[in-house]
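Chemist: here you go, sequence then predicted model.
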Amino acid sequence: MVRSAFFAAAVIIGSTAPAMAETTITVGFSYRILKVDEPQEWLPGRFSASLKISDDGSTEVKSRDSSGELPVRKSKLGVRGADPRSVYRVLDDNTIQATRQFESHKLVVTAKVTGSTCEATVHYNLKPGYDAYVMYSPKYGKELHFRDMRDQKATCSIE
């Protein structure tokens, strides 16, 4: 059972119960990214994900991006699930991290719990050999090349 690490969140968010049925952490962020394919332009984007963690360590992620709802993904903490590009890990008693691998980059979203609140940080890391992010654009209906991924705002909440 996953009781160490993140399931100390029962104490962190004020519960006196020895275990929780589930906790949901919702992280959202918006960004701007420079499309380098012609015509060059700055494009806005949004992403949000609700990560429901059960007492047995199982996870369910409901997410949406600028193109709409994405398929629900189920897995276990620390294990790649139906989507082998994503994994959720407990870093310490107060921190959980989601990592998602893309062709050109890795997206790392970290949620740190303090009391009954949390703070999210988002990092985009280009992989060796790439000088641009390669991503699907709903606006253009195809993969495009982007640079200068900039977070504008990241939010985090706990239920």
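Modeler: Now that the structure is in, tell me what you want to look at. Numbers count the residues shown, from 1 in each chain.

Chemist: quick one, longest strand in this protein?
Modeler: In terms of residue count, the longest strand belonging to the chain (DSSP state E) is strand 142-158.

Chemist: partner strands of that strand, parallel or antiparallel?
Modeler: Strand 142-158 has its sheet partners listed here by DSSP bridges as strand 22-35 (antiparallel), strand 133-137 (antiparallel).

Chemist: what's the first helix or strand after the longest one?
Modeler: Toward the C-terminus, strand 22-35 is succeeded by strand 41-54 as the next helix or strand (DSSP states H and E).

Chemist: in TSV, list the strands paired with strand 142-158 along with mean neighbour count and mean pLDDT.
Modeler: (C-beta placed from N, C-alpha, C; glycine too.) TSV is the format used below for the strands paired with strand 142-158 (neighbours: other Cβ atoms under 10 Å; pLDDT from 0 to 100):
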stretch	mean neighbour count	mean pLDDT
strand 22-35	18	88
strand 133-137	17	87
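
Chemist: which of those strands sits closest to Gly68?
Modeler: strand 133-137 (12.5 Å; Cβ to Cβ).
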